[in-house]
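Chemist: using only what follows, build the 3D model:
(2 chains)
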There are 2 protein chains.
Amino acid sequence: MTVPAPAGLVLRPALRADLPRIVELIADDAVAATRTGSFGPAHVAGFEAIQASTQDELVVAELDGQVVGCMQLTFVPGISRNGASRLLVEAVRVAEPLRGQGLGRVLMEHAHARGRERGCSLAQLTSDKRRPDAHRFYRALGYAQSHEGFKLPL
Amino acid sequence: MTVPAPAGLVLRPALRADLPRIVELIADDAVAATRTGSFGPAHVAGFEAIQASTQDELVVAELDGQVVGCMQLTFVPGISRNGASRLLVEAVRVAEPLRGQGLGRVLMEHAHARGRERGCSLAQLTSDKRRPDAHRFYRALGYAQSHEGFKLPL
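Modeler: From the prediction side, this is the model:
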């Protein structure tokens, strides 16, 4: 059974003022720390591009006035799978002291609800092979671990 | 060494008239056949959504007036990896009789060039675990097979 998420948890669109904390959350992770860097102009430019996009949403989880989680949603139209639109989920993070309390599940259920609202019939994400706990989490949410994920610096 | 792509190969944005052939290419595959279906209104709606998007491009490869390959590109802004934008590549297909002749590499090199033009510093894609030949192809292009890929019907 899932532990209920803490009372008072609010999910909302990220604001510019949340950005330093979001970068901190994204970097607070052994896998991501080396590549995300500390808050700077490149993150602001990324944030502004997300704000300008009609296909992207950056979501934060707030608890007692503190940002304790985040994720990015992208709605991708397509031809495959009978013209399905896809929900792409990236940069899912929960603050370390609050992990294992159901916040991640609340974030993902919100992601799926937003995907359905936007007409998506498939959610997809990738997770670094060095994150077995995350893999277990996604499988527990019903995800099929059916694909290999490839990345190439451009 | 790569076999050079056939002379006369042209890469161009997909047109509405190409769509039945694109659906045929996407479905001509043991893995995708059961889920893509035969050409219909849902594919048209997906095509129109891609056309309306400023972040998506559907590309075809044409040889001697025939569409022999396709792929979809999505440009995704982000906060992770120091505010990197990502190139997402989906639905890469080469017509069966022309496989192994370098067309896939030409398609992917075009994808990477378009990604760079759009400011992306990372390309990413997933490939069904049942496609070991595709995995070898992406590794040969320099991709790191670093992630697990998860999918969930919504």
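
Chemist: any stretches of chain A with poor pLDDT?
Modeler: Within chain A, the stretches with pLDDT under 70 are A:1-5, A:33-34, A:36.

Chemist: let's go with 50 and repeat that
Modeler: Within chain A, the segments meeting pLDDT under 50 span A:1.

Chemist: partners of A:R12 in the sheet?
Modeler: Beta-bridge pairing of A:R12, defined through DSSP bridges, involves A:V60.

Chemist: residues contacting it?
Modeler: Contact partners of A:R12, counting by Cβ atoms under 8 Å, 6 or more residues apart in numbering or on different chains, are A:V59, A:V60, A:E62. Quick note: C-beta positions are derived from backbone N, CA and C, even for glycine.

Chemist: for stretch A:47-64, buried residues please.
Modeler: Across stretch A:47-64, burial judged by 16 or more other Cβ atoms under 10 Å in any protein chain shown covers A:47, A:49-50, A:53, A:55-63.

Chemist: what are the ranges of the strands in chain A?
Modeler: A:10-13, A:56-63, A:66-76, A:85-94, A:120-128, A:144-153 (DSSP state E).

Chemist: for A:R116, list the residues it contacts.
Modeler: With contact set as Cβ under 8 Å, 6+ apart, A:R116 has these partners: B:L154.

Chemist: wait, I meant A:G142
Modeler: Going by Cβ under 8 Å, 6+ apart, A:G142 touches B:L152.

Chemist: any idea how far A:Q101 is from it?
Modeler: A:G142 sits 20 Å away from A:Q101, going by Cβ to Cβ, to the nearest Å.

Chemist: A:H43 contacts A:V23, correct?
Modeler: Yes - checked against Cβ atoms under 8 Å, the pair A:H43 and A:V23 is within contact range at 5.1 Å.

Chemist: quick one, longest helix in chain A?
Modeler: Longest helix in chain A, counting residues (DSSP state H): helix A:103-117.

Chemist: how close does the nearest residue to A:R21 once chain neighbours are set aside sit to chain B?
Modeler: Distances taken as Cβ to Cβ, 6 or more residues apart in numbering or on different chains place A:V67 nearest to A:R21, at 4.5 Å, with adjacent residues excluded. Between A:V67 and chain B the distance is 13 Å, computed by Cβ to the nearest Cβ, to the nearest Å.

Chemist: A:V67: what's it in contact with?
Modeler: Going by Cβ under 8 Å, 6+ apart, A:V67 touches A:D18, A:R21, A:I22, A:L25, A:V60, A:A61.

Chemist: quick one, phi psi at A:F39?
Modeler: phi -50, psi 130 (degrees, to the nearest 10).

Chemist: circling back: between A:H43 and A:V23, which contacts overlap?
Modeler: Both A:H43 and A:V23 are contacted by B:I79, under the criterion Cβ under 8 Å, 6+ apart.

Chemist: out of the buried residues of stretch A:47-64, which comes closest to chain B?
Modeler: When the buried residues of stretch A:47-64 are compared for distance to chain B (Cβ to the nearest Cβ), A:A49 comes out closest, at 3.3 Å.

Chemist: give me the nearest residue to the closest one, chain neighbours excluded.
Modeler: Distances taken as Cβ to Cβ, 6+ apart place B:P77 nearest to A:A49, at 3.3 Å, with adjacent residues excluded.

Chemist: go on, A:S80?
Modeler: Once flanking residues are discounted, A:S80 sits nearest to B:A91: 4.8 Å by Cβ to Cβ, 6+ apart.

Chemist: now stretch A:78-92 - C-alpha only, PDB.
Modeler: The C-alpha trace of stretch A:78-92 is given here as PDB (Å, rounded to 0.1, in the frame of the first residue of the first chain):
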ATOM      1  CA  GLY A  78       3.000  11.700 -33.000                       C
ATOM      2  CA  ILE A  79       2.100   9.200 -35.800                       C
ATOM      3  CA  SER A  80       3.200   6.000 -34.100                       C
ATOM      4  CA  ARG A  81       0.800   4.000 -32.000                       C
ATOM      5  CA  ASN A  82      -2.200   5.100 -34.100                       C
ATOM      6  CA  GLY A  83      -1.400   8.800 -33.900                       C
ATOM      7  CA  ALA A  84      -0.900   8.900 -30.100                       C
ATOM      8  CA  SER A  85       0.300  11.900 -28.300                       C
ATOM      9  CA  ARG A  86       2.800  11.100 -25.600                       C
ATOM     10  CA  LEU A  87       3.500  12.500 -22.200                       C
ATOM     11  CA  LEU A  88       7.300  12.700 -21.700                       C
ATOM     12  CA  VAL A  89       8.300  13.100 -18.000                       C
ATOM     13  CA  GLU A  90      11.700  14.400 -17.100                       C
ATOM     14  CA  ALA A  91      13.600  15.600 -14.100                       C
ATOM     15  CA  VAL A  92      11.400  14.000 -11.400                       C
END
